[in-house]
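Colleague: Here is my input; please provide its structure:
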Amino acid sequence: MSADPRYAALLAALAAEASKGAMPIDLPVYAEAGRDPTEPVLLGSGSLSARLGIFGRDPGRNEVIQGEPFIGAGGRLVRDGLFAAAGGVGAPSEADRIAIGAGAFWANTVPYKPLGNKAWSVPIKRRFVPQIATLLAELWQGDQLLVLGNEALTWFALAEPTLKGPIASLMAAPDRYHQSLPITLRGKALVLHPLPHPSPLNATWYPRFPALLAERLQQVGWTGPEAA
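Modeller: Residues are numbered from 1 along each chain as shown. Alright, predicted model coming up:
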């Protein structure tokens, strides 16, 4: 995706960490996909120069099979919101979803599918903090980050322990999905915009997610890839 040698080095560092083992990667799905289980599903689409980023928990089965981030049920919901906010009419096709996603930046706390779709433990997430923090703070050029779910939001307290209090306060706020949190990550200024995890299993928030996403996209001024 990027010719920047630092990007290639980052992918190699992620693969090296995954190769150490002691983490329940969903090996059968990688075997089905014919993919190396140490190969990160990180930025199969998207742009390091995009102002808007989307940060989630971890890839699922569809992401591994296709080698593309955020294309499962939840990811399609996000991409559909990007499409609509950019002036798209009607239901987007899969090609539309891929095209609209090329104008945003996409990343996960851990770019590997866990067995049973269970969230990665804190010790596992901590192992990949150096690489993901480098990605967000040094390689990505944007500063507005939609953060999907509590697992993704609390990752920032692992990366910057001084954020533990502010993030805990934000998570406890009834209007947290309407608030934003300016932070500094490894010296870079970012603004976090929390949203619910867009899983169909999240019965409380899944029906409300499209409206919340639309509000966030209006807030950050997203009008499509040309503006990224």
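
Colleague: Let me see the ranges of the strands in this protein.
Modeller: Applying DSSP state E to the chain gives strands spanning 52-56, 105-108, 144-148, 181-185, 188-195.

Colleague: how about these in JSON lines, adding mean pLDDT?
Modeller: Listed next are the strands of the chain as JSON lines, based on pLDDT from 0 to 100:
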{"stretch": "strand 52-56", "mean pLDDT": "97"}
{"stretch": "strand 105-108", "mean pLDDT": "96"}
{"stretch": "strand 144-148", "mean pLDDT": "98"}
{"stretch": "strand 181-185", "mean pLDDT": "98"}
{"stretch": "strand 188-195", "mean pLDDT": "98"}
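
Colleague: Quick one: closest of these to Ile71.
Modeller: The closest of the strands of the chain to Ile71 is strand 105-108. By CB to CB, the value is 9.9 Å. To be clear about C-beta, it is placed using only N, CA and C from the backbone, and glycine gets the same treatment.

Colleague: The closest one: partners in the sheet, and parallel or antiparallel?
Modeller: Take DSSP bridges as the rule and strand 105-108 pairs in its sheet with strand 52-56 (parallel).

Colleague: Which one of the strands of the chain lies nearest to Lys164?
Modeller: strand 181-185 (11.6 Å).

Colleague: And the contacts of that closest one?
Modeller: The contact list for strand 181-185, computed with CB atoms under 8 Å, 6 or more residues apart in numbering, reads 133, 136-137, 156, 159-160, 163, 166-167, 170, 189-192, 194.

Colleague: partners of the residue most central in space within the chain in the sheet?
Modeller: Centroid-nearest residue in the chain, with CA atoms, centre = their mean: Phe55, separated by 2.5 Å. With DSSP bridges as the criterion, Phe55 is bridged to Ala107, Val147.

Colleague: Return the distance of it relative to Ala104.
Modeller: Distance of Phe55 to Ala104, given as CB to CB, to the nearest Å: 11 Å.

Colleague: next one: Gly116
Modeller: Separation of Gly116 from Ala104 (CB to CB) stands at 28 Å.

Colleague: Look at those two and report which has more neighbours.
Modeller: More crowded of Gly116 and Ala104, by other CB atoms under 10 Å: Ala104, with 25 against 7.

Colleague: ok, that one touching Gly53?
Modeller: Yes: between Ala104 and Gly53 there is a contact under CB atoms under 8 Å: 6.6 Å.

Colleague: burial measure for Tyr206, as a count.
Modeller: Residues contacting Tyr206 under the criterion other CB under 10 Å number 17.

Colleague: Now do the contacts for it.
Modeller: Pro196, Pro198, Ser199, Pro200.

Colleague: who touches Ala50 in this structure?
Modeller: Neighbours of Ala50 in contact, by CB under 8 Å, 6+ apart: Gly103, Ala104, Phe105, Trp140, Gln141, Gly142, Pro225, Ala228.
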